[in-house]
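J.: coords please:
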Amino acid sequence: MTDKRVVDEIITKFLFNTCRLGPRLSEPVLQAIVSCASAVSYHSPTHEHAEFIPLITGSVAEFYIEPMLPHVGDIDTMSYPNNMLAIPRGHPPPTQLPAEFHDYVNVQEIVDSHLSGYVYLRLRYLLTKCTDNGKYNYLEYQECGQYSSMCNESAAERHGPALLQVYKNGLLEDLVFCVRCLSWPPQAADWPTRHKSYGWPDSATIYHVANNGCDAVQIAHRQCKQHEWMSKHLWRLSFSRAEILLINSWMPVQQIVYHLLRVVMKTEKFTESVDNSVLNTLSNYHIKTLMLWACELKSLSWWTDDLNLVRICVELLHTLAVWLTEARCQHYFIGSCNLVDQSYVVESTAARLLLINDDCLSAWFVSSYIKQSVQICPENISRLFDDVSTSYKLENAVSAVVNWRLNTTTDVLCRDFYSVMFHIVFYVNDFSVSERICNFWMSALLKTDAPLFVYLSAVVFLHVVQKIRSGGLTKNLLKAVAIITSLNKRTFSLLNEVAILVRECQAQAVDSADEN
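T.: This next block holds a predicted model:
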């Protein structure tokens with residue numbers, strides 16, 4: 001392949017033309033919803049009276065692109081008990097809380113540790129909800145020196161209150177236990193006001209992110225895992241909520257580059273150990289941090305003018321190599337936190353990254369990424385990649401893949417839709433129908449896929465009817481029916497408004513045509 005520029009253009013067009021855009025209820029998304037539903041129905045022996053509030057995080061929540069090569073490594077969810085809350089040190093206890101919280105809430109004060117980004121949680125207040133006005137009164141604990149330790153659920157498995165589950169398609173479910181903090185933490189106080197040279201993120205996104213607060217996740221710093229006390233009492237400030245909002249605000253080219261960097265780093269064994277047990281191993285969080293900084297510090301023209309995905313990836317990988325060489329990888333939100341300190345042994349990794357140039361990465365994308373992607377294609381198309389020794393042959397092979405991908409989109413969507421329908425029936429029958437379960441399921445599907453929301457409503461109604469016939473009408477079943485009815489009324493009301501608007505537009509179009 002003599003003309004490298006042509007090859008780079010083919011690679012760029014391949015990725016843009018084969019990445020489906022827009023959220024849809026795929027199998028990983030459904031499995032993430034199911035994981036969250038299990039958290040909703042979970043009863044903890046440690047937090048006896050708590051209900052758990054789940055959040056889908058990780059790849060499922062971050063990516064709105066769907067490349068041919070699988071981009072969801074595992075299913076990540078977070079879950080926090082509604083009878084616990086964290087507040088920054090020195091902040092007064094809140095008098096109002098979201099409706100999801102319990103009538104009695106233990107408030108933990110966030111105390112900095114000697115490691116930036118890692119904190120301790122110290123029990124400080126008990127909040128009690130007033131029945132007359134819904135506000136909370138507080139009582140300060142006399143012994144406020146008690147530090148919260150890791151709960152029993154996460155002692156054996158580092159996956160929060162739920163056990164690690166392997167799905168038939170190979171996906172892993174990873175549910176992380178955390179404590180909710182409704183305030184933006186002072187450790188990251190400069191992020192909202194930091195000057196953004198190229199307008200990303202915009203002021204509306206910054207406001208939304210800062211008002212969404214953060215979480216404290218139960219995990220010790222890798223340097224402290226052997227320390228008897230700190231290994232049990234250290235918590236890490238998590239910005240997963242912020243990262244989801246920011247990554248979903250990226251342009252498609254930025255999402256595609258993020259996906260490509262993750263694939264390169266994983267395939268070439270740069271991120272082989274996700275828990276960083278090996279000191280010369282990076283994690284996906286380093287790639288995420290690299291991308292967040294790039295989106296803030298690079299101009300729009302850098303991403304879009306003379307678009308070349310190979311060039312962009314090479315430059316970003318070299319930036320990461322410089323960070324490793326200088327032992328500095330500044331946390332995107334916490335300025336004092338270095339994600340690659342002197343304890344990392346990364347000289348060889350940095351040297352390998354610097355050896356990556358446009359020529360070798362172009363060849364890698366063709367020989368590894370594209371050829372692996374086309375394994376899902378029919379044999380007559382995948383065989384075209386047996387010989388891509390010239391730009392012309394490569395372009396013909398890629399064009400055949402793109403055409404196949406575009407022509408099969410409807411079939412894939414239908415297949416996935418029916419697969420999700422089948423799984424909905426299975427999961428509804430598997431879970432006990434309750435007010436909270438129904439509320440979660442219906443709200444999740446209403447945001448994701450309106451037709452499947454209606455389908456789920458019908459399935460739940462039939463399930464309730466079956467339960468009533470076998471065991472009679474219970475209070476839980478009655479509340480579940482009320483939730484479904486309420487949500488469907490709102491949905492049908494919105495659909496009716498849309499139908500009226502469409503009819504008005506059609507009438508205006510007819511009148512305009514008659515006048516002309």
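J.: any idea of the pLDDT on the closest residue to Asp74 other than its chain neighbours?
T.: Leaving out its chain neighbours, the residue that sits closest to Asp74 by CB to CB, 6 or more residues apart in numbering is Leu172, at 3.9 Å. Glycine gets a C-beta too; all of them are placed from N, C-alpha and C. Reported pLDDT at Leu172 in the predicted model: 70.
J.: now swap in the one 5 residues further on and tell me
T.: Listed pLDDT for Phe177 reads 85.
J.: For it, give the beta-bridge partners.
T.: Ser79 (DSSP bridges).
J.: roughly how far apart are it and Met68?
T.: Separation of Phe177 from Met68 (CB to CB, to the nearest Å): 35 Å.
J.: With neighbour numbers in mind, choose between the two.
T.: When Phe177 and Met68 are compared for neighbours, Phe177 comes out ahead with 27 against 20, by other CB atoms under 10 Å.
J.: Could you report the distance from that one to Asn407?
T.: Using CB to CB, one gets 45 Å for the distance from Phe177 to Asn407.
J.: contacting residues around Asn211?
T.: Trp184 (CB atoms under 8 Å, 6 or more residues apart in numbering).
J.: tally of neighbours for Asp215?
T.: Neighbour tally, Asp215, other CB under 10 Å: 23.
J.: which element follows the helix or strand containing it toward the C-terminus?
T.: Asp215 belongs to strand 214-218 when elements are defined using DSSP states H and E. Tracing the chain C-terminally past strand 214-218 and defining elements by DSSP H and E, one meets helix 230-233 next.
J.: which residues touch the helix or strand following that following helix?
T.: From helix 230-233 onward toward the C-terminus, using DSSP H and E, the following helix or strand is strand 235-238. Counting contacts by CB under 8 Å, 6+ apart, the residues outside strand 235-238 that touch it are 78, 110, 117-121, 148, 178-179, 185, 187-188, 214-219, 221, 334.
J.: hmm, try it at 7 Å
T.: Strand 235-238 is touched from outside by 117-121, 178, 185, 187, 214-219, with contacts defined as CB atoms under 7 Å, 6 or more residues apart in numbering.
J.: Walking through the stretch 101-250 of the chain, point out its helices one by one.
T.: All helices of the stretch 101-250 of the chain, identified by DSSP state H, counting those that start in this stretch, fall at 153-156, 203-210, 230-233, 240-248.
J.: could you dump those helices to TSV with mean neighbour count?
T.: Written out in TSV, the entries for the helices of the stretch 101-250 of the chain read as follows (neighbours: other CB atoms under 10 Å):
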stretch	mean neighbour count
helix 153-156	14
helix 203-210	15
helix 230-233	17
helix 240-248	20
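J.: Let me have these in CSV, adding mean pLDDT as columns.
T.: Written out in CSV, the entries for these read as follows (pLDDT from 0 to 100):
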stretch, mean pLDDT
helix 153-156, 44
helix 203-210, 97
helix 230-233, 83
helix 240-248, 97
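J.: the longest strand in the protein is where?
T.: Ranked by residue count, the top strand of the chain under DSSP state E comes out as strand 118-129.
J.: what inclination does it have with respect to strand 214-218?
T.: Relative orientation of strand 118-129 with respect to strand 214-218: 110 degrees, computed using axes from the mean of the first three to the mean of the last three CA atoms, to 10 degrees.
J.: what packs against strand 118-129?
T.: Identification of packing neighbours for strand 118-129 by 3 or more CB pairs under 7 Å, 6 or more residues apart in numbering; DSSP states H and E yields strand 104-112, strand 136-140, strand 235-238.
J.: just the ones you listed: most buried one?
T.: For the helices and strands packed on strand 118-129, the largest average neighbour count (mean count of other CB atoms under 10 Å) is found in strand 235-238, namely a mean of 22.
J.: Send me that one as PDB with only the CA atoms.
T.: Written as PDB, here are the backbone C-alpha positions of strand 235-238 (Å, rounded to 0.1, in the frame of the first residue of the first chain):
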ATOM      1  CA  TRP A 235     -12.600   5.700  50.000                       C
ATOM      2  CA  ARG A 236     -12.000   7.200  46.600                       C
ATOM      3  CA  LEU A 237     -13.900  10.100  45.200                       C
ATOM      4  CA  SER A 238     -15.700   9.000  42.100                       C
END
